[in-house]
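1. Sequence and computational prediction follow.
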Amino acid sequence: GLWAPAIRKILTRGHRGIFLLSTLLILQMLLVFVFSGTSLWLQMYGTYGRSTGLFTYIALTLLMMSSAVVSSSQFISRFVILTISLGLLLVLYGQIQHQGWDPFPFVNAYGSNVFGTLGNPNFMSAFMGMIGALAFTMTLNKSFNLPVRIALATLTMASIVIIYETKSLQGNLNLAAGIIVTSILWLFMSKKKTIAILVSGLAGAGGSLVFLGLINIGPVADSLYKSSLAARGYYWRAGIKMLLDHPIFGVGMDGFGEWYRRSRNLEDTLVNPGINTDAAHNVFLDIASNGGFPLILIYLAILGVVILSVIRVVRRNSGFNPYFVALVAAWVAYQAQSFISINQIGLAIWGWVLSGLIIGFEINTRTDNESELSPGTSSRLIGQKKLGQSLSPASLVSVFIAVLIGILVAVPPYVAANKYYKALKSGDALVLQPATYAKPYDRVRFTFTASNFAQNGLNDRALIVIREGVKLFPNSYEAWSVLAGLPNASAAEITQAKAEMKRLDPFNPDLK
């Protein structure tokens, strides 16, 4: 609604580069969707519990582009204040959870009960790292009075406390990354170039040590390397193999889970044959394995535009801009997190929106002789124009259409999940079986229903459901495993199921 009616202007201004990159990203994802060979149902909405499929990535791309269009000094100041307010709410809620006072009856399977609204302590830790980096940067805002700056420093410390309570390493890493970048940019924008270069060199050396430690190399490996990071090594190696084996179209949007067993090597399989994952736990490898070299190169190009935008703003700025640097600090914190975690939507949306805001701020605050405007335009800063501050009639119409499309896309999986949940609660096989077939199809529903039926002696129903499951999701190891274990399956079906399991997990010593 904000940028679609103004597409002609976007193509003739500085937004053209990011618009073209966004278009290429979406086109490549559509090609992956068609030609990767992975189930279209899986690719559309993504893996159960992740939902980072085609529709999600298109939405993230459009949000990034929209953010680039509306970004301005006024907009980012409001955005930063709103984000700080949200961070404060999450700090308070996290502390309520830590004290055991959470009013919501969550079933928690983690070592910490502090997970905010993000469903996992790791994600809460990462988000608090972003909030801490942003709040720390705003303490450097000289336009704030002393009480406000003390409050921001307190929020920074509170973020560190919440990170500690999550028992997750991620927040410490991305908070440190954000604070270091803020310090470096403050030095550069304060015209202390020599010190800034020295600090940058030290930060680069420290970052290299941390990276080596995460892969169990170097002097800090003992402190940073954990069993969870060891497992990430298995995932990363499998993701690299997926990329090399499928360099053009990858294994499909959110298709990592269907290919993990096939892509892990013999050594990693023998360590723990039963281990499985549906994400590389590295956003870059997730994107690369899902969409091949073209997709990851386009994504890296977008990140390159963000970095170039930061450099341009720093070079032409006459002083320290705390709001812009706060965006950069949060963006860097997100990128640090994305190296060792998944593209969880609650975090991913911040990374993509921040990318758009940084790119857009650089474009929209150029002077006219630096931008590609038509002759005769005023010499005011573009950023002073209220881009996207009011909606034209065309924008209102496009907003209505876009919301309608969004509803049509988002409602089906919600309705299907709600219908299935109610069917499970009913305990009635006559209700559960048809609910399993609700569209969009979900492979987890088929395997869970069939297993449920088998455990309750309803083998005939289990066989009907799982036959449909393997037909819709022929690369689901779990579905074939259920079929292989049904006593009423034919000998031919059991033989085929075991052969498919071996195909999908070739190095598993438990499969004969």
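-> Sure, I can see it.

2. In contact with Lys192, which residues are there?
-> Residues counted as contacts of Lys192 (C-beta atoms under 8 Å, 6 or more residues apart in numbering): none. C-beta: built from backbone N, CA, C; applies to glycine.

3. surely Pro247 meets Leu295?
-> No. Judged on C-beta atoms under 8 Å, Pro247 makes no contact with Leu295 at a distance of 10.6 Å.

4. Specify which residue of the two has the higher count of neighbours.
-> For Pro247 versus Leu295, the count of surrounding residues by other C-beta atoms under 10 Å is larger for Leu295: 25 against 12.

5. residue contacts, the more buried one?
-> Shown in contact with Leu295 (C-beta under 8 Å, 6+ apart): Leu25, Gln28, Met29, Val32, Gly250, Ile287, Ala288.

6. Which of the helices or strands spans it?
-> Assessed by DSSP states H and E, Leu295 sits inside helix 283-316.

7. Quick check: Ala203 touching Ile179?
-> No. In this structure Ala203 lies outside contact range of Ile179 using C-beta under 8 Å: 10.2 Å.

8. re the thing from before, how about the helix holding Leu295: buried residues?
-> For helix 283-316, the neighbour count (16 or more other C-beta atoms under 10 Å) marks 283-296, 298-299, 302, 305-306, 309-310, 313-314 as buried.

9. What is the distance between that helix and the centre of its chain?
-> Here the centre of mass of C-alpha atoms in helix 283-316, compared against the chain's by C-alpha atoms, centre = their mean, to the nearest Å, lies 14 Å away.

10. and what of stretch 148-167?
-> Its chain's average C-alpha position is 24 Å from that of stretch 148-167, according to C-alpha atoms, centre = their mean.

11. Can you point out the buried residues in that stretch?
-> Residues of stretch 148-167 classed as buried: 149, 151-152, 155-156, 158-160, 162-166 (neighbour count, 16+ other C-beta under 10 Å).

12. Mark which of these are part of strands, please.
-> Using DSSP state E, no member of the buried residues of stretch 148-167 falls within strands.

13. Tell me which two of these sit farthest apart.
-> Across the buried residues of stretch 148-167, no pair lies farther apart than Arg149 and Thr166, at 26.3 Å, counting by C-beta to C-beta.

14. Please, which helix or strand holds the residue most central in space within the chain?
-> In the chain, the residue lying closest to the centroid (C-alpha atoms, centre = their mean) is Asn343, at 2.3 Å. For Asn343, there is no host helix or strand (DSSP H and E).

15. same question, Val399
-> Assessed by DSSP H and E, Val399 sits inside helix 393-426.

16. got the contact list for Ser28?
-> One correction, residue 28 is Gln, not Ser. Gly291, Pro294, Leu295, Ile298.

17. again, only using 6 Å
-> Contact analysis of Gln28 by C-beta atoms under 6 Å, 6 or more residues apart in numbering lists Gly291, Pro294, Leu295.

18. again, but for Thr139
-> If you count contacts by C-beta under 6 Å, 6+ apart, then Thr139 has Arg149, Leu152, Ala153 around it.

19. Quick one: end-to-end distance for stretch 268-280.
-> Using C-alpha to C-alpha, to the nearest Å, one end of stretch 268-280 lies 14 Å from the other.

20. quick one: Ile162 and Phe127 touch, right?
-> No. With contacts counted by C-beta atoms under 6 Å, Ile162 stays clear of Phe127, the gap being 9.3 Å.

21. where does this structure have its least confident helix or strand?
-> helix 221-224 (a mean of 65; mean pLDDT, DSSP states H and E).

22. which strands and helices sit next to the very next helix or strand once past that one?
-> Later in the chain than helix 221-224, the nearest helix or strand by DSSP H and E is helix 227-245. Counting contacts by 3 or more C-beta pairs under 6 Å, 6 or more residues apart in numbering; DSSP states H and E, helix 227-245 packs against helix 256-263, helix 283-316.

23. among the ones you listed, which is nearest Ala435?
-> Closest to Ala435 of these, according to C-beta to C-beta: helix 256-263, at 22.8 Å.

24. can you pull the buried residues of whatever helix or strand comes next after that closest one?
-> Proceeding N to C from helix 256-263, the next assigned helix or strand is helix 266-271, under DSSP H and E. Buried residues in helix 266-271, counted by 16+ other C-beta under 10 Å: Asp268, Thr269.

25. Let me have the contacts of Gln28 in JSON lines, extended by distance to Met44 and pLDDT.
-> Compiled in JSON lines, those are given as follows (distance: C-beta to C-beta, whole Å; pLDDT from 0 to 100):
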{"residue": "Gly291", "distance to Met44": "15", "pLDDT": "96"}
{"residue": "Pro294", "distance to Met44": "20", "pLDDT": "97"}
{"residue": "Leu295", "distance to Met44": "17", "pLDDT": "97"}
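
26. Report the angle between the helix holding Leu295 and helix 256-263.
-> Put simply, helix 283-316 runs at 120 degrees to helix 256-263, going by axes from the mean of the first three to the mean of the last three C-alpha atoms, to 10 degrees.

27. what angle sits between helix 283-316 and helix 227-245?
-> 90 degrees.

28. Next SSE downstream of helix 283-316?
-> Sequence-wise, the next helix or strand downstream of helix 283-316 (DSSP H and E) is helix 322-338.

29. just how off-centre is that next one within its chain?
-> Remark: helix 322-338 is offset 15 Å from the chain centroid, using C-alpha atoms, centre = their mean.

30. cool, stretch 444-453 as well?
-> Distance, stretch centre to chain centre, for stretch 444-453: 28 Å (C-alpha atoms, centre = their mean).

31. number of nearby residues for Thr365?
-> Residues near Thr365, counting by other C-beta under 10 Å, number 22.

32. how close does it sit to Thr12?
-> 18 Å (C-beta to C-beta, to the nearest Å).

33. Same question for Ser77.
-> 28 Å.

34. got any ranges where this protein has weak pLDDT?
-> Within the chain, the stretches with pLDDT under 70 are 1-2, 5-6, 214-216, 220-229, 367-391.

35. Please identify the helix or strand for Ile275.
-> With DSSP H and E as criterion, Ile275 is part of no helix or strand.

36. ugh, typo on my part, it should be Thr277
-> Residue-wise, Thr277 maps onto no helix or strand under DSSP H and E.

37. Thought Tyr234 was touching it, still the case?
-> No. Thr277 lies out of contact with Tyr234 (C-beta under 6 Å); the separation is 8.1 Å.

38. shared neighbours, these two?
-> If you check Thr277 and Tyr234 against C-beta under 6 Å, 6+ apart, no residue is contacted by both.

39. Which of the contacts of Thr139 sits closest to Ser476?
-> Ser476 lies nearest to Leu152 out of the contacts of Thr139, by C-beta to C-beta, at 48.9 Å.

40. Tell me which residues touch that closest one, please.
-> Leu152 makes contacts with Ala135, Met138, Thr139, as judged by C-beta under 6 Å, 6+ apart.

41. thinking again about what came up before, distance to Ala348 added to the buried residues of stretch 148-167, as CSV?
-> Compiled in CSV, the buried residues of stretch 148-167 are given as follows (distance: C-beta to C-beta, whole Å):
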residue, distance to Ala348
Arg149, 31
Ala151, 29
Leu152, 26
Leu155, 23
Thr156, 24
Ala158, 24
Ser159, 20
Ile160, 23
Ile162, 20
Ile163, 19
Tyr164, 24
Glu165, 24
Thr166, 19
